[in-house]
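Student: Model the structure of this input:
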Amino acid sequence: MSAQTILPGTTASGQQTTLGVMGGGQLGRMFVHAAQRMGYFTAVLDPDPVSPAGLVSHFHIQTDYLDEQGLAQLMQRCSAITTEFENVPSPALFTLGAHRPVAPGANAVSIAQDRIKEKAHFVACGVPCAPYAVITTPEQLAGVADNLLPGILKTARLGYDGKGQVRVADRAALQAAWAELKSVPCVLEAMLPLQAECSVIVARGWDGAIVNFPVQLNEHRAGILAVTEVYEGNVTPALASHAVNAAKSIANELQYVGVLCVEFFVVAGENGQSALVVNEIAPRPHNSGHYSMDACDESQFDLQVRTLAGLPLQQPRQHSPAIMLNLLGDLWKDGVTPPWDQVLALPGTHLHLYGKLKASKGRKMGHLNITGATIGQVRDTAVRAAGLLGIAFA
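Tutor: Residues are numbered from 1 along each chain as shown. Reported below is the predicted structural model:
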């Protein structure tokens, strides 16, 4: 079901227009805040009684994602429904989509949930990805081509933030890794001469209109995003143009509606020039786009609301250079709160904590956006903030 324009405020029948979100994590929380700021009521379906989004939403439907009564209640309350993470069961999205506009749709989410389908989609779009092989049987394992080793073995489903991935140097290591992963369907990707990582976030409406944020230069540590830098010259103009065009092609081929992040590797090309290969897609707002909350005239969450509600899309404008530092639970050493007062004394710092009640190693607790008039000013502040927090940043 596609959306007509869903305006915020009170309907003719006296009901407040409500937008729903499947999932109650931090992305759902920031979607809820954006929707509420525009005048919508919000409903969250999430089984966690203290989910970050559920705590701030008008309605929190505390059920499993496949619970029939929960889904019926969400449909009854909401004019349209989105999702905040890709592992929402696609059958739930099919059920919702038969009765309400759902963006992104079940088909797009199901492709993002499965690396095998995802790789096939990249090939169909003509967007280069790393050389790979599908491994679902012992015969496919034995038949892996030599040029894919050394490589990275990734589970086809339920892998994120470095989970479900094992680096393998040779065939013996590959066999051991597949056994370690319980012989589930996997994709083996060849190891590439990686120079950098970047991402592009696009927003596509029901009418096919599409806009994009600038290319985001990313640094991951232990498989988790640590730093994002967004300013003119963070990548070459040629790479930026290629990345934006590839991201739009992927979204258009999917007939995607909503906010989509496409992650890329920057690798050394045969001619000595840098080249792009696509890594994966995230059918939702993305950690690397959080800088947009303070550095752009519209954030990725504002565009998530606009695409879901069928509102006009305008090309977002970045008004300040920006650096985003991811804040993991590791910062709360021995339960001690980080020195936010000292961090916020630095110019251009914007703290976003997600309302999670317990900090643990590797858990995303918040992010710090740093903006300023110049790239040099932003980088200097980022170095000082990282030093206060004990985060590595050069």
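Student: hang on, Ala196 packs against Val235?
Tutor: Yes - if you go by C-beta atoms under 8 Å, Ala196 and Val235 touch, sitting 7.4 Å apart. Placement of C-beta: from N, CA and C, glycine included.
Student: In terms of neighbours, single out the busier of the two.
Tutor: When neighbours are counted by other C-beta atoms under 10 Å, Ala196 and Val235 differ, and Val235 comes out ahead with 22 against 15.
Student: Quick check: nearest residue in space to that one, chain neighbours excluded?
Tutor: Closest residue to Val235 apart from its sequence neighbours, by C-beta to C-beta, 6 or more residues apart in numbering: Val215 at 5.3 Å.
Student: Just give the number of residues close to that neighbour.
Tutor: Neighbour number of Val215 under other C-beta under 10 Å is 25.
Student: Would you check how far apart it and Val278 are?
Tutor: 13 Å (C-beta to C-beta, to the nearest Å).
Student: domain parsing for the protein?
Tutor: 18-102, 131-190, 194-389 (automatic domain parsing).
Student: end-to-end on the shortest one?
Tutor: Between the start and the finish of domain 131-190 there is a gap of 6 Å, counting by C-alpha to C-alpha, to the nearest Å.
Student: what's the answer for stretch 78-90, then?
Tutor: 19 Å.
Student: for that stretch, which positions count as buried?
Tutor: 78-86, 88-90 (16 or more other C-beta atoms under 10 Å).
Student: so which of those comes closest to Lys154?
Tutor: Ranked by distance to Lys154 (C-beta to C-beta), those are led by Glu86 at 14.6 Å.
Student: Please identify the helix or strand for that closest one.
Tutor: For Glu86, there is no host helix or strand (DSSP states H and E).
Student: Confirm for me that it is in contact with Arg284.
Tutor: Yes - Glu86 is in contact with Arg284 according to C-beta under 8 Å; the separation is 6.4 Å.
Student: Setting aside sequence neighbours, what's the nearest residue to Leu368?
Tutor: Per C-beta to C-beta, 6+ apart, closest to Leu368 is Leu325, 4.5 Å.
Student: if we can go back for a sec, so for Pro8, which of the domains of the chain sits nearest?
Tutor: domain 18-102 (3.4 Å).
Student: OK, contacts around the most centrally placed residue in the chain?
Tutor: Nearest to the geometric centre of the chain sits His286, at 2.6 Å (C-alpha atoms, centre = their mean). Residues in contact with His286 (C-beta atoms under 8 Å, 6 or more residues apart in numbering) are 199, 201, 261, 300.
Student: Please tell me how far it sits from Ile135.
Tutor: From His286 to Ile135 the distance is 27 Å (C-beta to C-beta).
Student: what about stretch 149-164, average pLDDT?
Tutor: Across stretch 149-164, pLDDT averages out at 82.
Student: Do a quick rundown of the helices in the stretch 251-394 of the chain.
Tutor: 292-295, 300-309, 340-344, 375-389 (DSSP state H, counting those that start in this stretch).
Student: if you compare these, which one is most tucked away?
Tutor: Using mean count of other C-beta atoms under 10 Å, the stretch among the helices of the stretch 251-394 of the chain with the greatest mean number of neighbours is helix 300-309 (a mean of 26).
Student: just checking, what packs against that helix?
Tutor: With contacts defined as 3 or more C-beta pairs under 8 Å, 6 or more residues apart in numbering; DSSP states H and E, helix 300-309 has these neighbours: strand 18-22, helix 26-37, strand 80-83, strand 194-204, strand 258-268, helix 292-295.
Student: for the third one, packing partners?
Tutor: Using 3+ C-beta pairs under 8 Å, 6+ apart as the contact criterion, the elements in contact with strand 80-83 are strand 18-22, helix 300-309.
Student: 10 Å - rerun?
Tutor: strand 18-22, helix 26-37, strand 41-45, helix 68-77, helix 90-97, strand 258-268, helix 300-309 (3 or more C-beta pairs under 10 Å, 6 or more residues apart in numbering; DSSP states H and E).
Student: Output the ones you listed as CSV; include the columns mean pLDDT and distance to Thr337.
Tutor: Output for the helices and strands packed on strand 80-83, formatted as CSV (pLDDT from 0 to 100; distance: least, C-beta to C-beta, whole Å):
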stretch, mean pLDDT, distance to Thr337
strand 18-22, 98, 29
helix 26-37, 98, 18
strand 41-45, 98, 27
helix 68-77, 97, 35
helix 90-97, 94, 37
strand 258-268, 96, 31
helix 300-309, 98, 26
